[in-house]
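Enquirer: Generate coordinates for the sequence data below:
(2 chains)
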Amino acid sequence: MHDIKYIRENPQEFDQAMARRKVSPVASVLVAADLELRGLTQKMNDLQAERNAASKQIGAAMGKGDKALAEQLKAKVAAMKDDLAAAEIAQKAKAESLDEILMGLPNIMEQEVPDGADESDNREAHRHGEPTKIANAKEHFELGEKLTSSTGPQMDFDLAASLSGARFVVLKKDLARLERALANFMLNLHTEEFGYEEVVPPVLVKEQALLGTGQLPKFEEDLFHADQDFYLTPTAEVTLTNLVRDSIMSEEELPKRFTAWTQCFRSEAGSAGRDTRGMIRQHQFSKVELVSITTPEQSEAEHERMLSCAEEVLKRLDLPFRTMVLCSGDTGFGARKTYDIEVWLPGQDGGKGRYREISSVSNTGDFQARRMKARYRKTGEKQAQFVHTLNGSGLAVGRTLIAVLENYQQADGTIAVPDVLQSYMGGKKIIG
RNA sequence: GGAUAGGUGGCCGAGUGGUCGAAGGCGCUCCCCUGCUAAGGGAGUAGGCGGUUUGUAGCCGUCUCGAGGGUUCGAAUCCCUUCCUGUCCGCCA
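Expert: Numbering: from 1, shown residues only, chains lettered A, B, ... in the order given. Model (predicted):
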């Protein structure tokens, strides 16, 4: 959500920013609508002031027992009733239509975000480790389907399909535990070493929460909609960020840092045919999310910090990765700037290997804060202002599991357990 | 699911039609007093929008007492709808 005052004062700058988003110029429309709205508001306020003044006089007249005067005043107010009602309706309609446009506009990106059309234009920021070299590297699903359990493979897509259809998986036995081990490892790291507060949020939320973080109103088709006006959360970013909705914090409280391990639900509308094999793209997956609430001054540094928190997970798992700055065409609706961490998956592309996204770390500035009215007060200042919010995956657990399988695969199809996970796996060193 | 009580400022809590954006308390800020500590005295202390203004001062208007609608000249107070919370009963992991 944008500050209409900013648009009013910097219409060209705003349109230029929107142009980078492939949004056609809207500033002039917005400014005109805003001008009109303020006129309507003024008119409404004037009528209300008139009514309020008369009503006060009626009260006074009644108090003095002057019935005649009271009746006369009543008639006067009654006469303006229609005008007032009309003014209120017109004002409200205008305010709503302006709001609707504003809610549908994407965030302004930071200057340094490179221009570009799609992911091929993303810029590499840095990389860590050398791509793992494995002869005849297999893909994660080939490996997972070879591992056995009491009811078929440990990674069972057929069974999942019979329960839930496409884009689901059932993990069993050691792979099920590996998923939990990864999540626990991540949560422990973020809470114990990086100062994040652990949260267990709901995964069913109301529309309001999704409007706050920006998934609604524009991206409803990406969400699962449940009964009774509930939506399944596509990411814990929604609930963690909304923890501070409608509140005014003090400067000393910031930054606030939250983490949660949750199931995430995405309809994947529009991604038919992509990543259909394996568990890269699922309707349900688990993710350890990181969210920070900061002052405007802190948010850039916090963005780098959050990125390094996520990267640290991969470093400790000894998984090679590269970090990309997303270009303008690939940066999400609510983000000012986004880093993607891409992990090396040696089994991709028939064993040639490829980097695939495993985390996305975004600074949204005050974009979400405005939508959910999350503010803070600077020490000694009277005026409250909007906080900045950041979110990042730390990491997507399912994809991390894939990365472990592909990078730690042995020639015989077994999987070595990364050192840092062994204690979480009951001391197990090999799966298979 | 049934019954019942509620949702008021940073917090607690009063307020059943007019002078209520709202008593009182707590907290917080500033000032005064006080050898230290403790205590005491005074003042201030919600947010949004708009206007005025060189002004994130002040002043003016307006809206906001969970949300939305209605009654009324006038609503925190009355009516309707809805969301949420507490308690009891039922059911239940």
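
Enquirer: do you know how far A:Ala335 is from RNA strand B?
Expert: Here A:Ala335 is placed at a distance of 24 Å from RNA strand B (C-beta to the nearest atom of the strand, to the nearest Å). For the C-beta atoms, the positions are set from N, CA and C on the backbone; glycine is no exception.

Enquirer: got a list of what that residue touches?
Expert: A:107, A:109, A:326, A:362-364 (C-beta atoms under 8 Å, 6 or more residues apart in numbering).

Enquirer: hmm, 7 Å instead?
Expert: A:107, A:362-364 (C-beta atoms under 7 Å, 6 or more residues apart in numbering).

Enquirer: Of these, which qualify as buried by neighbour count?
Expert: A:107, A:362-364 (16 or more other C-beta atoms under 10 Å).

Enquirer: Read off the pLDDT value for A:Gly380.
Expert: For A:Gly380, the pLDDT comes out at 65.

Enquirer: returning to that earlier point: what would the buried ones among the contacts of A:Ala335 look like in JSON lines with secondary structure, pLDDT and distance to A:Pro418?
Expert: Below are these laid out as JSON lines (DSSP: H, G, I helix; E, B strand; the rest coil; pLDDT from 0 to 100; distance: C-beta to C-beta, whole Å):
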{"residue": "A:Asn107", "secondary structure": "coil", "pLDDT": "95", "distance to A:Pro418": "37"}
{"residue": "A:Ser362", "secondary structure": "strand", "pLDDT": "97", "distance to A:Pro418": "27"}
{"residue": "A:Asn363", "secondary structure": "strand", "pLDDT": "96", "distance to A:Pro418": "30"}
{"residue": "A:Thr364", "secondary structure": "coil", "pLDDT": "95", "distance to A:Pro418": "32"}
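
Enquirer: The contacts of A:Ala335 also near RNA strand B: which ones?
Expert: Among the contacts of A:Ala335, no residue is within reach of RNA strand B (C-beta under 7 Å from any atom of the strand).

Enquirer: Go through the residues you listed and name the one nearest A:Lys352.
Expert: Proximity of these to A:Lys352 was ranked by C-beta to C-beta; the top entry is A:Ser362 with 29.9 Å.

Enquirer: Okay, and the beta partners of that closest one?
Expert: Beta-bridge partners recorded for A:Ser362 (DSSP bridges): A:Thr338, A:Asn391.

Enquirer: Verify the stated contact: it with A:Asp340.
Expert: No - applying C-beta atoms under 7 Å, one finds A:Ser362 not in contact with A:Asp340, separated by 9.6 Å.

Enquirer: quick one: low-confidence parts of chain A?
Expert: For chain A, the stretches flagged by pLDDT under 70 are A:380, A:382.

Enquirer: Show me which residues of it are close to RNA strand B?
Expert: Residues of chain A lying near RNA strand B (C-beta under 7 Å from any atom of the strand): A:4-5, A:38, A:41-42, A:44-46, A:48-49, A:51-56, A:58-60, A:62-63, A:73-74, A:77-78, A:81, A:92, A:248, A:381-384.

Enquirer: can you rerun that using 6 Å?
Expert: A:38, A:41-42, A:45, A:48-49, A:51-52, A:54-55, A:58-59, A:62-63, A:74, A:77-78, A:382-384 (C-beta under 6 Å from any atom of the strand).

Enquirer: Mark which of the residues you listed are part of helices, please.
Expert: Counting by DSSP state H, the residues of chain A next to RNA strand B place A:38, A:41-42, A:45, A:48-49, A:51-52, A:54-55, A:58-59, A:62-63, A:74, A:77-78 in helices.

Enquirer: of the residues of chain A next to RNA strand B, buried ones?
Expert: Of those, these count as buried by 16+ other C-beta under 10 Å: A:41, A:51, A:54, A:58, A:77, A:384.

Enquirer: so the residue of the stretch 201-350 of chain A found nearest RNA strand B bridges to which residues?
Expert: Proximity of the stretch 201-350 of chain A to RNA strand B (C-beta to the nearest atom of the strand) peaks at A:Ile248, 6.1 Å away. With DSSP bridges as the criterion, A:Ile248 is bridged to A:Arg375.

Enquirer: which ones are touching it?
Expert: By C-beta under 7 Å, 6+ apart, A:Ile248 lies in contact with A:375-377, A:384.

Enquirer: That one and A:Asn363: what is the separation?
Expert: Here the criterion is C-beta to C-beta, to the nearest Å. By it, A:Ile248 lies 21 Å from A:Asn363.

Enquirer: between the buried ones among the contacts of A:Ala335, which is nearest A:Gln282?
Expert: Each of the buried ones among the contacts of A:Ala335 was scored against A:Gln282 by C-beta to C-beta, and A:Ser362 proved nearest at 21.4 Å.

Enquirer: Any idea how many residues pack against A:Glu193?
Expert: 10 (other C-beta atoms under 10 Å).

Enquirer: ah, wrong one, I meant A:Phe285
Expert: Count around A:Phe285 with other C-beta under 10 Å applied: 23.

Enquirer: For it, give the beta-bridge partners.
Expert: Bridge pairing for A:Phe285 - DSSP bridges - gives A:Cys264.

Enquirer: For it, which residues are in contact?
Expert: Going by C-beta under 7 Å, 6+ apart, the list of residues near A:Phe285 reads A:264, A:396, A:398.

Enquirer: what does the helix or strand containing the last one rub up against?
Expert: A:Gly398 is located in helix A:397-407, with elements delineated by DSSP states H and E. Taking C-beta under 7 Å, 6+ apart as the criterion, the residues outside helix A:397-407 that touch it are A:132, A:137, A:139-140, A:143-144, A:178-179, A:182-183, A:279-280, A:282, A:285-288, A:317, A:319, A:343-347, A:358, A:415, A:418.

Enquirer: can we see that at 6 Å?
Expert: A:132, A:140, A:143, A:178-179, A:182-183, A:279, A:285-287, A:319, A:343, A:345-347, A:358, A:415 (C-beta atoms under 6 Å, 6 or more residues apart in numbering).

Enquirer: Just the CA atoms of that helix, as PDB, please.
Expert: Listed next in PDB are the C-alpha coordinates belonging to helix A:397-407 (Å, rounded to 0.1, in the frame of the first residue of the first chain):
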ATOM      1  CA  VAL A 397      12.300 -27.700   4.500                       C
ATOM      2  CA  GLY A 398      11.100 -29.900   1.600                       C
ATOM      3  CA  ARG A 399      13.600 -28.400  -0.800                       C
ATOM      4  CA  THR A 400      16.400 -28.700   1.800                       C
ATOM      5  CA  LEU A 401      15.600 -32.400   2.100                       C
ATOM      6  CA  ILE A 402      15.900 -32.700  -1.600                       C
ATOM      7  CA  ALA A 403      19.200 -30.900  -1.500                       C
ATOM      8  CA  VAL A 404      20.500 -33.300   1.200                       C
ATOM      9  CA  LEU A 405      19.400 -36.300  -0.800                       C
ATOM     10  CA  GLU A 406      21.000 -35.200  -4.000                       C
ATOM     11  CA  ASN A 407      24.200 -33.800  -2.500                       C
END
